[in-house]
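# fold the following and give me the result.
(2 chains)
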2 protein chains.
Amino acid sequence: MREVFVIGSGMIPFGRFPQLMLEDFAGKAVSEALSDSGVDRKQIGMAVFSTSNGGRVAGQRVLRELSLTGMPIVNVENACAGGGTSLHVGWMAVASGLHDVVLVVGMEKMEKGLIPPNPGEYESFLGKTLPAKYALRASKHMQRYGLTKEQLAMVSVKNHRAGALNPNAHYQEEVTLEQVLLSRPVAEPLTLLQCCPTTDGAAALIIASAEVARRVGQKPVRIAASVLKSGIYRNPAKGQSASDDDLAERAGLAAYEMAGMQPSDVNVAEVHDAFTIGEILAYENLGFCPRGEGGRLVEEGVTSLGGRLPVNPSGGRLSLGHPLGATGVAQVVELSRQLQARSGARQVGGAKTALAHVQGGSTPGIGTGAATVHILTV
Amino acid sequence: MREVFVIGSGMIPFGRFPQLMLEDFAGKAVSEALSDSGVDRKQIGMAVFSTSNGGRVAGQRVLRELSLTGMPIVNVENACAGGGTSLHVGWMAVASGLHDVVLVVGMEKMEKGLIPPNPGEYESFLGKTLPAKYALRASKHMQRYGLTKEQLAMVSVKNHRAGALNPNAHYQEEVTLEQVLLSRPVAEPLTLLQCCPTTDGAAALIIASAEVARRVGQKPVRIAASVLKSGIYRNPAKGQSASDDDLAERAGLAAYEMAGMQPSDVNVAEVHDAFTIGEILAYENLGFCPRGEGGRLVEEGVTSLGGRLPVNPSGGRLSLGHPLGATGVAQVVELSRQLQARSGARQVGGAKTALAHVQGGSTPGIGTGAATVHILTV
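You can find the predicted model right below:
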């Protein structure tokens, strides 16, 4: 299989666009990625889109606004991991030798604040929604490892501080520990400022073979690993209990193996902080610290901008926002620009290796879902 | 890129299952494909699902019922071409060398009889729905090439005759030319029996590398070409007019080139007969006859079972049914079994090469959408 490079990136400032359709804003991310890459639009061999709410042939609808059609267009869905999945499919297309240049787009217009459960997700209908599920994971971590409410809240403080430096973030305001702890309770111990906002957005990447990457303007960022996994099903009727930690852990291990790297090689990361506890668990699942020590990692500033391993320099889901299908692509936009030293006030100095992690779609108590881990390097 | 083979196939009898969820029936097609292939379920390296209405992480929800999780699962959407698109993505995964065995599943529960237009599809809201659009294509063909109402109706008679021999078809009844012509008008000149019914269904394939294919029970069917294209956008404001014929034609040409074949090499085909005119146009777009002679082809019996080039031996969309995301996979289930000489009363004798074509998702008058063409050979 061939090496694959990110050669261009684009995204729109995330926010709420109630008056706009997906077609009205997603194309802007595509145009930016195209001009960033310097490739001619006719070179695009394939386009892969990610959206959960976008309706039928969403990618075609967006690209026709740019008169950019004719090539293969694939629309993928994988809940919160959709963006990472679209990159994985695009990566396969280049790695296989089938296409030299592929456009990858994540986009979402969030119609409702809460993600409605699928039919058959009885536990969700009974109240085990995403915030409730993450709250249970937080409570368990507190009980088992002594994670504190303050440590949890520090994730939000840290990510809002980074987001305040990101002109594309939905909420560009710092928040204090007190503000986070005293914001409206959503699902104990998670308060409002520990839950991602409802955000619309779009992000795009141009990925290409080594040969194309050599000929373009931006410093190419190599995709050292692209891994997609689904969670392992647990049958509650047999007393088994689902673990989303296992899903991220397996995806991470496979990615490190593919890249020939260790967690200690990572200089900067974007992880799935849809809720503060998600980031704490990601530290542990991805090997950034031993199990149970995620709270200490954020408290000690290791994952802050300026720390040893800055996590979510974009502001993360908590501040940048989390338009489902867009997130996995937006993470790689952020990280590839970090590796190209183009991140302005939030630049992580000397970063050579970056990791992006998204996961979602698991049914409370039952498991499955999807996670992707991508490792990027310059 | 490596050669890819179909080594197992499964599908459920298509029909209406108002009391069932997707999770209740789609897994049966997967189980049948698995046991048909003879591969161990642990060998499945990746699964690619196609659905338009299935909601979030639909593939994961289906596979957890079979406790078949952990591997990468991709959900794709491409309207009527979704099934073909999922096969294309699965094919990339095997062809690239990333996975040796991939599960491809098409499935759909059609909630509503009519496919609701996407926001922004103003012409559809004003009445240019799919039946109306195909009716206009039929009228144009009549005017330009002298296609007759009877020739159109013969497509339905032919496909229902084949479907009557298919235990998996939704409508297993022959219809007469008079019944077709006198059935309720839907969009002049198309009558009810010239429009596909509203059908739920699921179909699955196991595809694999040559090395795996050598070691399993069924006669392997080689995928000689896998092509996905989107339509070229036309701007009505500039006086341009969209053509879905061009989309199928480009996909067909690319597939013949990839396979190193000609239209005359095809012994049996499944084409997109969501409406009778769709099959007539497919004959011409795929090079089975010159432009304008599609009506004559069906009238002369060339495309009937027993003819020189039987088309839609499954009964096609008109009789087998057309569960959006399932169709492209169901076509390849039918064709791979035809090439393996397992098709019972509707067997096409001595078939060595088969072609599958689906397309859809184009916006009336504007174009784009998606089409796939697969060429299979033994």
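
# for A:K229, grab phi and psi.
phi -140, psi 160 (degrees, to the nearest 10).

# got the residue ranges for the strands in the stretch 251-378 of chain A?
With DSSP state E, counting those that start in this stretch as the criterion, the stretch 251-378 of chain A has strands at A:268-270, A:353-360, A:370-377.

# Throw the ones you listed into JSON lines and include mean pLDDT and mean neighbour count, thanks.
Where C-beta positions appear, they are placed from N, C-alpha and C, glycine not excepted. Output for the strands of the stretch 251-378 of chain A, formatted as JSON lines (pLDDT from 0 to 100; neighbours: other CB atoms under 10 Å in any protein chain shown):
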{"stretch": "strand A:268-270", "mean pLDDT": "98", "mean neighbour count": "29"}
{"stretch": "strand A:353-360", "mean pLDDT": "97", "mean neighbour count": "29"}
{"stretch": "strand A:370-377", "mean pLDDT": "97", "mean neighbour count": "29"}
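
# reformat those strands as a markdown table; add distance to A:G163.
Shown next, in a markdown table, are those (distance: least, CB to CB, whole Å):
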| stretch | distance to A:G163 |
| --- | --- |
| strand A:268-270 | 12 |
| strand A:353-360 | 17 |
| strand A:370-377 | 21 |
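
# wait, which of the ones you listed is closest to chain B?
The closest of the strands of the stretch 251-378 of chain A to chain B is strand A:370-377. By CB to the nearest CB, the value is 6.2 Å.

# leaving out the residues flanking it, which one is nearest to the residue most central in space within chain A?
Residue closest to the average C-alpha location in chain A (CA atoms, centre = their mean): A:G328, at 3.4 Å. Nearest non-adjacent residue to A:G328, counting by CB to CB, 6 or more residues apart in numbering or on different chains: A:G83, 2.5 Å away.

# contacts only, for that neighbour.
A:50, A:106, A:203, A:325-331, A:358 (CB atoms under 8 Å, 6 or more residues apart in numbering or on different chains).

# just to revisit the earlier point, for A:A135, find the nearest of the strands of the stretch 251-378 of chain A.
strand A:353-360 (16.0 Å; CB to CB).

# mind saving the C-alpha coords of that closest one as CSV?
Extracted C-alpha coordinates of strand A:353-360, given in CSV (Å, rounded to 0.1, in the frame of the first residue of the first chain):
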residue,chain,number,x,y,z
THR,A,353,3.8,13.8,15.4
ALA,A,354,0.1,14.2,16.1
LEU,A,355,-2.8,11.8,16.9
ALA,A,356,-6.5,12.3,16.2
HIS,A,357,-9.2,10.2,17.9
VAL,A,358,-13.0,10.2,17.6
GLN,A,359,-15.5,7.7,18.7
GLY,A,360,-19.3,7.3,19.1
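
# which secondary structure elements does it sit against?
The contact analysis (3 or more CB pairs under 8 Å, 6 or more residues apart in numbering or on different chains; DSSP states H and E) places strand A:353-360 against helix A:82-95, helix A:244-259, strand A:268-270, helix A:324-339, strand A:370-377.

# what about the nearest residue to A:G307 once chain neighbours are set aside, distance to A:L63?
Nearest residue to A:G307 in three dimensions, chain neighbours excluded: A:G301, at 4.9 Å (CB to CB, 6+ apart). Per CB to CB, to the nearest Å, A:G301 is found 43 Å from A:L63.

# which of these two has more residues huddled nearby?
Using other CB atoms under 10 Å in any protein chain shown as the criterion, A:G301 and A:L63 rank with A:L63 on top: 27 against 14.

# and that one, what does it touch?
By CB under 8 Å, 6+ apart, the residues touching A:L63 are A:27, A:30, A:47, A:69, A:73, B:230, B:233, B:368.

# check for me that the fourth one belongs to a helix.
Yep, that's A:T69 we're talking about. No. Counting by DSSP: H, G, I helix; E, B strand; the rest coil, A:T69 falls outside a helix, being coil.

# spit out the contact partners of A:M46.
Each residue near A:M46 by CB under 8 Å, 6+ apart is listed here: A:71-74, A:90, A:93, A:98-99, A:102-103.

# ugh, wrong one, A:L87
A:48, A:104, A:205, A:207, A:223, A:226, A:328-329, A:332, A:372, A:374.

# which one of those residues is nearest B:V180?
A:V48 (40.9 Å).

# quick one: secondary structure of the closest one?
Secondary structure, three-state DSSP: A:V48 is strand.

# quick one: it and B:I223, what's the gap?
20 Å.

# those two - which one has more neighbours?
A:V48 (30 against 27).

# now A:V76: how far from chain B?
5 Å (CB to the nearest CB, to the nearest Å).

# I'd say A:I44 and A:D100 touch.
No. Look at A:I44 against A:D100 with CB atoms under 8 Å: they stay out of range, at 9.6 Å.

# please say which of these two ends up with more neighbours.
Neighbours were counted for A:I44 and for A:D100 using other CB under 10 Å; A:I44 has more, 24 against 20.

# can you tell me the closest non-neighbouring residue to the more buried one?
Nearest to A:I44 is A:L103, by CB to CB, 6+ apart, at 5.1 Å.

# now do the contacts for that neighbour.
Listed by CB under 8 Å, 6+ apart, the contact set of A:L103 reads A:30, A:33-34, A:44, A:46-48, A:90, A:204-206.

# redo that, cut-off 7 Å
A:30, A:44, A:47, A:204, A:206 (CB atoms under 7 Å, 6 or more residues apart in numbering or on different chains).

# quick one: contacts for the closest residue to A:L228 other than its chain neighbours?
Once flanking residues are discounted, A:L228 sits nearest to B:P72: 3.9 Å by CB to CB, 6+ apart. Residues in contact with B:P72 (CB under 7 Å, 6+ apart) are A:228-230, B:46.
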